[in-house]
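Trainee: next input, structure requested:
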Amino acid sequence: MYKSKIDQSQDMVKLNFAILAVSDTRTLETDDSGALLKEMISESGHMVLDRDIVTDDQQLIRQKVQNWIVNKDIDVVITTGGTGFSQRDVTPEALEPLFDKVMDGFSVLFHQYSAAQIGTSTIQSRATGGLAGETLIFCLPGSRGACRDGWQGVINFQLDSRHKPCNFLEVLPKYSSR
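Mentor: Numbers count the residues shown, from 1 in each chain. Now for the predicted structure:
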């Protein structure tokens, strides 16, 4: 199995994140998944510039993320929640129309990693990702376990500028000219 390789001889480029929890029942104070993402992102050396919560409403989700996409200080948006199959789960429907490029591989890798943790229950997630303008967007399920799996298993490596053989910073216009 492939082991991620980090080139320790290089300095890591720090990215700026926004985290959006999508929930009809949680508040910022009770949003354990968003808090965990913030903690893991910060521990990885990146910055969380904004964190918010909205209800499971396509327009509210889309509007919040669109505001972050046009904010040149935000490099990455991670959402948590709203990726399941209930009628209220609308995060992919809200955000995929914003993607200039869909990141099919993210969903595949997320499910592979998640399956090792929770078995076939991973199929109940519609985790997705894409590039909107110059902003990377990752949509994770709302559980702490799924957020941990998504970050530790996939996202963290691809957003580390030292990751080899390649990482997303090499293709983002804002960073690829460095």
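Trainee: could you list the low-confidence segments of this protein?
Mentor: Low-confidence segments of the chain (pLDDT under 70): 1-2, 177-178.
Trainee: tally of neighbours for the residue lying closest to R88 once chain neighbours are set aside?
Mentor: In space, and not counting its chain neighbours, R88 is closest to D56: 4.2 Å by Cβ to Cβ, 6 or more residues apart in numbering. All C-beta atoms are positioned from the backbone trio N, CA, C, and that covers glycine. Per other Cβ atoms under 10 Å, the neighbour tally for D56 reads 19.
Trainee: where does D56 land in three-state SS?
Mentor: coil (DSSP: H, G, I helix; E, B strand; the rest coil).
Trainee: ok, it touching P92?
Mentor: No. The pair D56 / P92 is not scored as a contact, 11.8 Å apart, by Cβ atoms under 8 Å.
Trainee: quick check: neighbours shared by those two?
Mentor: The contact sets of D56 and P92 overlap at G82 (Cβ atoms under 8 Å, 6 or more residues apart in numbering).
Trainee: okay, now the closest residue to P97 other than its chain neighbours: neighbour count?
Mentor: Spatial nearest neighbour of P97, excluding adjacent residues (Cβ to Cβ, 6+ apart): R62 at 7.7 Å. Residues lying near R62 (other Cβ under 10 Å) number 18.
Trainee: and if you look at M40?
Mentor: The local packing of M40 (other Cβ under 10 Å) involves 19 other residues.
Trainee: and it, what does it touch?
Mentor: Shown in contact with M40 (Cβ under 8 Å, 6+ apart): C147, R148, W151, Q152, N156.
Trainee: mind doing that once more with 7 Å?
Mentor: When contacts are counted by Cβ atoms under 7 Å, 6 or more residues apart in numbering, M40 touches W151.
Trainee: does it count as helix, strand or coil?
Mentor: Here M40 takes the helix state, with states given by three-state DSSP.
Trainee: M103 versus that one, what's the distance?
Mentor: 19 Å (Cβ to Cβ, to the nearest Å).
Trainee: for the longest helix anywhere in the chain, packing partners?
Mentor: Identified as the longest helix of the chain according to DSSP state H is helix 104-118. Counting contacts by 3 or more Cβ pairs under 7 Å, 6 or more residues apart in numbering; DSSP states H and E, helix 104-118 packs against strand 128-132, helix 144-150.
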